[in-house]
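Q: next come a sequence and a model predicted from it.
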Amino acid sequence: MANRTHEATGAIITGGSQGLGLAIAKRLIDEGCTRLVITSRNPEKGAAAVRELRALGARAYTLPVEMSDIPAVQAMVGQAVELIGPVNALVNCAANTARGSILDTTPDRWDEIMDPNAKGPFFALQEFARHCIAEGHTGSCVNILSIVVYGGTSFLAPYVASKAALAGITKNAAGALTKHRIRVNGINVGWMDTPGEDMRQKVSHDREDGWLDGVEDNVPFGMLVKPEHVAWQTSFLLGPASGVVTGALMDFDQQVVGAYPDTDEV
């Protein structure tokens with residue numbers, strides 16, 4: 001029997017033209033969703049993703065939203081509603097992964113990362129919640145966070161700050177919106193194999209084609225986190241099977257935060 005968990009879902013997925021965002025869109029469609037809007041900074045990628053999603057049977061559309069453009073973010077939910085009708089699911093997936101340390105991050109770089117990673121998602125969630133309340137229906141949001149909220153590496157200082165901010169937003173909004181039966185959860189995703197990460201490794205770390213094989217040979221489960229795996233978890237948290245769960249931050253990684261090798265192994 002086909003899984004129809006999301007047949008009543010109308011979804012917005014930011015950053016949905018590739019990688020994790022696109023995988024989430026496909027997962028929702030596979031579970032019955034026929035109405036969704038993705039955002040993309042790149043119109044060509046957005047259009048290509050929409051063609052792919054429509055071929056799977058969905059009424060899919062793309063909006064050219066840059067998450068640091070707050071007026072555009074604030075207009076996004078209303079525009080999506082005009083395209084697909086009521087929206088009851090939001091995934092804040094888009095993010096800027098540019099590098100910067102505590103020693104070299106400039107104010108401009110700080111804003112370049114914080115605005116799309118924290119400020120944009122905040123106002124996207126605000127408009128989503130207002131829509132759900134005005135329409136009188138429940139809603140569910142999943143914020144895509146990062147395992148680096150626990151500290152991260154030296155070259156991710158503003159990115160860590162942005163995802164830590166979004167973690168706080170997730171908790172605060174979850175508590176504030178319970179009376180409206182709107183759930184807000186987050187996933188702390190570990191190092192993930194995506195087109196965006198491939199670009200970042202080449203641009204920021206001078207890696208060459210094939211870098212992934214070498215990395216995956218040296219991680220515990222022989223692979224980086226895969227978008228399809230996180231998409232399953234996102235779909236679960238958005239859907240009714242997750243029940244009343246709200247304000248949860250799930251670590252989705254092969255590293256166990258706070259765990260260390262046994263003393264006889266070092």
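A: In hand now; what should we look at?
Q: can you tell me how far residue 18 is from residue 246?
A: Distance, residue 18 to residue 246, by Cβ to Cβ, to the nearest Å: 29 Å. Glycine gets a C-beta too; all of them are placed from N, C-alpha and C.
Q: please enumerate the helices of the stretch 51-200 of the chain.
A: Here the stretch 51-200 of the chain has its helices, by DSSP state H, counting those that start in this stretch, at 70-84, 107-114, 120-135, 157-177, 195-205.
Q: can those helices go into JSON lines with extra columns for mean pLDDT and distance to residue 8?
A: Converted to JSON lines, the helices of the stretch 51-200 of the chain look like this (pLDDT from 0 to 100; distance: least, Cβ to Cβ, whole Å):
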{"stretch": "helix 70-84", "mean pLDDT": "98", "distance to residue 8": "12"}
{"stretch": "helix 107-114", "mean pLDDT": "98", "distance to residue 8": "35"}
{"stretch": "helix 120-135", "mean pLDDT": "98", "distance to residue 8": "13"}
{"stretch": "helix 157-177", "mean pLDDT": "98", "distance to residue 8": "19"}
{"stretch": "helix 195-205", "mean pLDDT": "85", "distance to residue 8": "31"}
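Q: among these, which is nearest residue 39?
A: Distance to residue 39, taken as Cβ to Cβ, is lowest for helix 70-84 among these, at 6.7 Å.
Q: just want the angle from that closest one to helix 120-135.
A: Relative orientation of helix 70-84 and helix 120-135, computed by axes from the mean of the first three to the mean of the last three Cα atoms, to 10 degrees: 40 degrees.
Q: who touches helix 70-84?
A: 10, 12, 14, 35-37, 39, 59, 61, 63, 65-67, 87, 90, 115, 119-120, 123-124, 126-128, 130-131 (Cβ atoms under 8 Å, 6 or more residues apart in numbering).
Q: skip the chain neighbours and tell me the closest residue to residue 207.
A: Counting by Cβ to Cβ, 6 or more residues apart in numbering, residue 201 is the residue found nearest to residue 207 once chain neighbours are left out, at 4.3 Å.
Q: and what about the nearest residue to residue 198 once chain neighbours are set aside, helix, strand or coil?
A: Closest residue in space to residue 198, ignoring its immediate chain neighbours: residue 212 at 7.3 Å, by Cβ to Cβ, 6+ apart. Secondary structure for residue 212, judged by DSSP: H, G, I helix; E, B strand; the rest coil, is helix.
Q: I appreciate the help and will end here.
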